[in-house]
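**Student:** structure, please.
(4 chains)
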Amino acid sequence: MNKLNPTQIAWRAAQDIADGAYVNLGIGLPELVARFQPPGRQAIFHTENGILAFGEAPSAGQEDWDLINAGKKAVTLNPGTAFFHHADSFAMVRGGHLDVAILGAYEVAENGDLANWSTGPKGVPAVGGAMDLVHGAKRVAVITGHITKDGKAKLVKRCTLPLTGVQCVTRIYTSLALMDIEDEHFVLREKLSSISIDELQALTGAELHVVGAVADLIVPDV
Amino acid sequence: MNKLNPTQIAWRAAQDIADGAYVNLGIGLPELVARFQPPGRQAIFHTENGILAFGEAPSAGQEDWDLINAGKKAVTLNPGTAFFHHADSFAMVRGGHLDVAILGAYEVAENGDLANWSTGPKGVPAVGGAMDLVHGAKRVAVITGHITKDGKAKLVKRCTLPLTGVQCVTRIYTSLALMDIEDEHFVLREKLSSISIDELQALTGAELHVVGAVADLIVPDV
Amino acid sequence: MDKTIASLREAVSGIEDGMTVMIGGFGGSGAPIELIHALIDRFVQTGHPTNLTVVNNNAGNGHVGLAALIEQGMVSKLICSFPRSADPRVFTDLYLAGKIELELVPQGTLAERIRAGGAGIPAFYTPTGYGTDLAKGKPVEEFEGRPYIRERWLKADFALVKAHLGDTFGNLTFNKAARNFNPLMCMAAQTTIAQVSGIVRPGDIDPETVVTPGIFVQGLVEVAEPAQEEALNRANAVYPEFVQ
Amino acid sequence: MDKTIASLREAVSGIEDGMTVMIGGFGGSGAPIELIHALIDRFVQTGHPTNLTVVNNNAGNGHVGLAALIEQGMVSKLICSFPRSADPRVFTDLYLAGKIELELVPQGTLAERIRAGGAGIPAFYTPTGYGTDLAKGKPVEEFEGRPYIRERWLKADFALVKAHLGDTFGNLTFNKAARNFNPLMCMAAQTTIAQVSGIVRPGDIDPETVVTPGIFVQGLVEVAEPAQEEALNRANAVYPEFVQ
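**Tutor:** Predicted structure coming up:
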C-alpha cells in the first residue's frame, strides 16, 4: 500500500504551523516536524525542560549535556533563546500559551481522547509532560501511522488503552490522511489519491465523516 | 510615665534577630529595627516588592525610584542583593522562608490574633502584604506603644478591630515591656524597672502571666 | 517574527470598553506611565475605552499614570492590595462617593492569583486571610491540621507592563525592583504590551538573564526615556496637561 | 554569614533514614552527581541513610548518580514523571520485583507540586490528568465549565541541587537547561544543599541575574569540575567503583 513515511507525515504537519507560532513537539516522530518550516515562517520551539527557541542538534562530539531537549538529546542555541525553570515551563504549557503541541499516539478516539503514554499495566509506567500538553496547548495535533504495525486501527471509536487526556485532539496527520475532530467525529480533510474513501474507512476504527471536499494529500519526497 | 521611645522599642526587637536571619520589617515603626543589628550579626532584609539584602536609604537626590521598599521609600543595594518578582517574593513569605516578621499593631489579643490593617468600615481599606506575612514568617513579632495615644489598651483579650490574622503573634515589644504569647496568654518576660507589675497590668487589656523571673527591660538611649 | 509596535497609540488600540487590564508596577516603580497616558489620550479623543477593570497593586498617586486614568472616569473597578499612596485623593474621592468599585486582595494573594491565571491553575489554597473579613464567602479547607481558604485565578484581556530591554521576540529584562508584578501580568493576559527602554535583536539579551520569555509578550513599544511617577509627582504634574 | 560547607561528605551528613530528598536535574542535565555519590559513600561506610523517598523527574540512567543510589537499595520510594532512560535497568528490575515504590506524576504537576510546597500553597487545581488513571482518588471540581483535579504540595527534608555559581549568601545561577527542577526544589526543602562550580563573594553575581535567591539555600559546596551523567554513562562508569 502506498503511504507516507514518517518524515513525510511530519512535513505535512509542519505546513500548518504559522509564522511566529510557539510549538511543542513530542519525543520521537513529532521532533521531525522542526525540519520542515515553510520558507518565510519562523516557529519558536518549546521544550519542557526549560528552553524556548532552541536550535538543531549539534554535530557529534559538540554536545553540551546541559543543553538538551525533553528527549534528552543535545540541542543548540538560536538567537532569542530563553532559559527558565520547570514551573515556568509548564505555566507556558498549562496556561494556554503554546499555539500547538504535536504528539505521537497509540490510539486516538473520535471524541478526541488520546492514549499515548501507557500500553497497559505491564512494565514500568512513564508519563512525562504529555498529560500537561494535551490540556494546555491551544491546538493539540497527533502525527501517527494510520494503523499499527500489525494492522490494527489506531483511530478508534473509544480508546482501549489508558488515556493521556480527554477530548483534547483536534487534528490527526497519518500516513494516509489528514482528519479533524469535530463534534466527536473524525472529519476527513485530505487523503492520498491512491486510496479510496472506502479503503481508508476499512483501516479506521470509527466512522469517517466527509464534510465538503476531500483534498489530495500531496507531500514531496522527503 | 517613663517609657521607651519608638526607636528604643526597635532597638530591643533588633537584639532578638540572629545572625543570618531573613527578616521582613513592616512599614513605619518596624523599619527602625534595621538600624540596630548587634555587632557581629548580619540579618538579611526582605521587602515584599522583590528585593533581598537591600541597604539603607540613599542621601537626598540620590534616589533611584526603581529601587524602593514596600513603603515606597528609596533604598540602596548591598553586596549579595537579589531581585525577584512578586510571586517569588510571596513564596518566600507564605512558604515559611522568613525567620521573622516584625509588624506594627492596632491591637494584639492574648490568643495571638493581630489587628493592624483596618480601623473599621470608614475610609478606604488597604491591606498590602500584612495578611501574608502573619501566616508565613516562622516568627511574627509586634512592636507597638503599650497603650494608644488616648490611653486605651492595645494588648487585649479579643481584638475588636478587623483581624489581620488569627493566632499568629508570638512576641510583643512595647514601650513598657516584652511579652510572649504562649497557650493563648500574655506571658511577661521583661518590663521597665520603673513600673510595677500591677501598674503594667492596669495598662493591659488581658491578664499578664508571670512564669519565672521577669527581667528588667534595659535599653540604651537611642 | 518581530513584535515591535511602532507607536504608543497603536500599542493600546486594542483595549475596548469593559475589558480587564492589568497594569504593572508597585507604586511608581515599574509603572508603564507612557502606555497609561496613551490610553488616556485615546479616551480624551474618542471617549473609549471606559468601564475598565484595572488590576494593580495600588490605586495611583497624584494626578499622573494610574491616578490620571482613574481621574478620567475610565475605571469602574479596581482590584488591588493597597489603595493608599502619598496622594491618593483621586481614588479616595471616587471610592467614598461610590463611583468606583474596589476588590481588596492581600498582596501575596494578588500576586499568586495573577500567576495562577498565567499558569492555568484555576484555584489554589492559601493560609493568607483565613479568619479575616477578606475571607468571607470563600471556601475553607483544612490540610494537615491547618485551615486555608481557596482563591481563584485572575486573568486579563490586556496587560500593560514596563520592562527594561526587550528583544523582538518579546524576551524581557527589568530594572531592579521595577520587576515586581510585571512578569506575572505578562503571563496572565490574553495580550501583553510591554514598554521598554530599548528594543534589541534576538540574541542581544543573554538567554540566562531573560526574566520574561517572549511567549508571554505579544507587543513591544520603545519608550527610550520613560518618566518616573515619583519624579512627576514631585513636580506636581497633572495628566493630561491642561490645555487652554 | 557564609553558607559554604567544606566538603561533600559534610554537605550530606544531615540526611537521615526515612527522609524525603529532592534531587535536581532532568536526566543528567543539572543532576548533582557528586552530592549523590557522597551520599552513597556514607551509606557504604555506615549503612545510612536508607529507606529514602526520592523526588526526581526520572529514575536514573546506567549505574551512576541517581541510578547508583537506587542500585544501593537506599531508596524505598521514587516520585517522578518518567522512570525511563537509555539504560533504566536498575530501577526497572527493582520495580518489577516489587522492591521499590513508584508514585508517577505528570511532569508539569510534579513541578507545580514542588513549587507549591515551596510557596506555602497546600493544594491547587489543574486540568492535567483529568479523566486518566493518574487522577484516581483525587477530588474533581469544575471551574467555568471545565473539570480540574486537585493536587497537593510536595515538600522535602533535603534538596540536593546542582547550580553554576553561588555566592556565600546562597544566591545561585544555573547553566543553560540544567536549571530545570533545581530552583523549585531549592524552595521546597527544609534544607537545600547546592553543589556549585564556583563559590564567589556576595556582590559577584549581578542581582538581576540571580535565579535562586539565597533565602532558599542553606548550604553550598564547591565542585569545580562536576561530572556529567551522560559522559559517565558513555564511559560505562559504575559507582561506587568496584574495588578488589
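**Student:** who touches C:Ile205 in this structure?
**Tutor:** C:Ile205 makes contact with C:165, C:167, C:171, C:173, according to CB atoms under 8 Å, 6 or more residues apart in numbering or on different chains. In short, each C-beta sits where N, CA and C put it, glycine included.
**Student:** so where do the helices sit in the chain?
**Tutor:** With no chain named, the answer covers chain A. For chain A, the helices defined by DSSP state H occupy A:6-14, A:86-94, A:130-134, A:197-202.
**Student:** ah, I was thinking of chain C
**Tutor:** Using DSSP H, helices in chain C cover C:8-11, C:33-46, C:65-71, C:89-96, C:107-119, C:182-188, C:229-234.
**Student:** skipping adjacent residues, who's closest to A:Gly112 in space?
**Tutor:** A:Gln167 (4.1 Å; CB to CB, 6 or more residues apart in numbering or on different chains).
**Student:** do the same with A:Val134
**Tutor:** That would be A:Gly165: by CB to CB, 6+ apart, it lies 3.4 Å from A:Val134.
**Student:** for C:Asp204, same thing?
**Tutor:** C:Asp167 (5.9 Å).
**Student:** bridging residues for the one you found?
**Tutor:** C:Val200 (DSSP bridges).
**Student:** which stretches of the chain have low pLDDT?
**Tutor:** Picking chain A for this. A:1 (pLDDT under 70).
**Student:** look at chain C instead
**Tutor:** Using pLDDT under 70, the flagged stretches of chain C are C:242-244.
**Student:** what residue of it is the furthest out?
**Tutor:** Each residue of chain C has a distance to the centre, and by CA atoms, centre = their mean the biggest one is for C:Gly145: 36.2 Å.
**Student:** also chain A?
**Tutor:** Largest centre distance within chain A, by CA atoms, centre = their mean: A:Gly61, 29.5 Å.
**Student:** ok, now how distant is that one from D:Ser85?
**Tutor:** Applying CB to CB, to the nearest Å, the value for A:Gly61 to D:Ser85 is 22 Å.
**Student:** how many neighbours does residue 192 have?
**Tutor:** This is for chain A. A:Leu192 has 21 neighbours, counted by other CB atoms under 10 Å in any protein chain shown.
**Student:** hmm, I had chain C in mind actually
**Tutor:** 27.
**Student:** isn't it right next to C:Phe216, touching?
**Tutor:** Yes. Between C:Thr192 and C:Phe216 there is a contact under CB atoms under 8 Å: 6.0 Å.
**Student:** now do the shared contacts for those two.
**Tutor:** C:Cys186.
**Student:** any residue of stretch A:39-49 up close to chain C?
**Tutor:** Yes. Stretch A:39-49 reaches chain C (CB under 8 Å from any CB of the partner chain) through A:42, A:44, A:46.
**Student:** got a winner among those for most neighbours?
**Tutor:** A:His46 (30 neighbours).
**Student:** so which of the residues of stretch A:39-49 next to chain C sit within strands?
**Tutor:** A:44, A:46 (DSSP state E).
**Student:** determine which two of the contacts of C:Ile205 are furthest apart.
**Tutor:** Using CB to CB, the contacts of C:Ile205 span at most 9.5 Å, a distance reached by C:Asp167 and C:Thr173.
**Student:** the two - which one has more neighbours?
**Tutor:** Legend: neighbour count by other CB under 10 Å for C:Asp167 and C:Thr173, higher for C:Asp167 (27 against 22).
**Student:** longest strand anywhere in chain A?
**Tutor:** Max-length strand for chain A by DSSP E is strand A:208-216.
**Student:** pretty sure the residue nearest to C:Asp204 is touching C:Gly214, no?
**Tutor:** Yes. Under the criterion of CB under 8 Å, C:Asp167 makes contact with C:Gly214 at 7.2 Å.
**Student:** now the strands for chain C?
**Tutor:** C:20-23, C:52-55, C:75-80, C:101-104, C:123-126, C:140-143, C:146-152, C:156-167, C:189-200, C:219-222.
**Student:** between C:Asp167 and C:Gly214, which contacts overlap?
**Tutor:** A:Gly80.
**Student:** need the nearest residue in space to residue 91, chain neighbours excluded.
**Tutor:** With no chain named, the answer covers chain A. Nearest to A:Ala91 is C:Ala119, by CB to CB, 6+ apart, at 3.6 Å.
**Student:** nope, chain C
**Tutor:** The nearest residue in space to C:Phe91 (CB to CB, 6+ apart) is C:Ala59, at 3.8 Å.
**Student:** distance of that neighbour relative to C:Ala38?
**Tutor:** On the measure of CB to CB, C:Ala59 and C:Ala38 end up 20 Å apart.
**Student:** between those two, which one's more packed in?
**Tutor:** The residue with more neighbours, out of C:Ala59 and C:Ala38, is C:Ala59; 27 against 24, by other CB under 10 Å.
**Student:** got the phi and psi for the more buried one?
**Tutor:** phi -130, psi 20 (degrees, to the nearest 10).
**Student:** list the contacts for the residue of chain C found nearest chain B?
**Tutor:** Here chain C gets closest to chain B at one residue, C:Gly108, 3.2 Å apart by CB to the nearest CB. Residues in contact with C:Gly108, defined by CB under 8 Å, 6+ apart, are B:48, B:86, B:89-90, B:93-94, B:129, B:131-132, B:136, C:126, C:128.
**Student:** from those, which is closest to B:Lys152?
**Tutor:** Nearest member of the contacts of C:Gly108 to B:Lys152, counting by CB to CB, is B:Met131, at 24.0 Å.
**Student:** that closest one - nearest residue in space that isn't next to it in sequence?
**Tutor:** B:Met131's closest residue in space is C:Pro106 (CB to CB, 6+ apart), at 4.1 Å.
**Student:** for A:Ala57, grab the count of nearby residues.
**Tutor:** Other residues close to A:Ala57 by other CB under 10 Å number 14.
**Student:** how about A:Glu48?
**Tutor:** Neighbour tally, A:Glu48, other CB under 10 Å: 28.
**Student:** and it, backbone torsions?
**Tutor:** According to degrees, to the nearest 10, A:Glu48 has phi -50, psi -30.
**Student:** for it, give its distance to D:Gln107.
**Tutor:** Distance of A:Glu48 to D:Gln107, given as CB to CB: 6 Å.
**Student:** what of C:Asn56?
**Tutor:** Taking CB to CB, one finds C:Asn56 at 34 Å from D:Gln107.
**Student:** do A:Trp65 as well
**Tutor:** For A:Trp65, the distance to D:Gln107 - CB to CB - is 19 Å.
**Student:** ditto for A:Phe90
**Tutor:** 7 Å.
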